[in-house]
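Colleague: Got a predicted model here, sequence first, then my questions.
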Amino acid sequence: MQFLKILFWFLLAFVAALFTYGNWTRIQINLWSGLIADVNLPLLLLVTFLIGFLPTYLYLGTVRWRLRQRLASCERMLADNRAVAAPAAPAFVADPAPVAIDERPA
């Protein structure tokens, strides 16, 4: 399975490299106050992807962290409740003194 993951990432990197090579053109972006920025198309697409991806990634990471904290808290409470509710083990009492049996015929 690890081989397939590595193959997938290499394939994705190869496609990205082909896209970058084929679209290495400068694009003019009109900014405020008449400023014009010359940006390469692959760089522009990477920046726009990261602007959309990073906030979502950080939000989901925060949600996962909070859920892990809640789960750990619930597991601790459950372990504490089990320890309190568990009945004490019965103590073994030694047999009382043996009773003498009279074996004489009556």
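Modeller: Okay, I see it.
Colleague: helix or strand for the residue positioned nearest the centre of the chain, which one?
Modeller: Centre of the chain computed as the mean C-alpha position; nearest residue by Cα atoms, centre = their mean is residue 64, 5.9 Å away. Here residue 64, judged by DSSP states H and E, is contained in helix 41-85.
Colleague: likewise residue 27?
Modeller: Residue 27 is part of strand 26-30, with elements assigned from DSSP H and E.
Colleague: Paired strands for that strand, with orientation please.
Modeller: strand 36-40 (antiparallel) (DSSP bridges).
Colleague: List the contacts of the strand it pairs with.
Modeller: Contacts to strand 36-40, defined as Cβ atoms under 8 Å, 6 or more residues apart in numbering, come from residues 24-31. Placement of C-beta: from N, CA and C, glycine included.
Colleague: Residue 7: neighbouring residues, count only.
Modeller: 10 (other Cβ atoms under 10 Å).
Colleague: In which helix or strand does it reside?
Modeller: Residue 7 belongs to helix 2-22 when elements are defined using DSSP H and E.
Colleague: what angle do that helix and helix 41-85 make?
Modeller: 150 degrees (axes from the mean of the first three to the mean of the last three Cα atoms, to 10 degrees).
Colleague: I'd like the distance from helix 2-22 to the chain centre, please.
Modeller: A distance of 25 Å separates the centroid of the chain from that of helix 2-22, by Cα atoms, centre = their mean, to the nearest Å.
Colleague: With stretch 46-60 instead?
Modeller: For stretch 46-60, the separation from the chain centroid amounts to 18 Å (computed by Cα atoms, centre = their mean).
Colleague: In this protein, where is pLDDT below threshold?
Modeller: Low-confidence segments of the chain (pLDDT under 70): 86-100, 102, 105-106.
Colleague: Brilliant, that's me finished.
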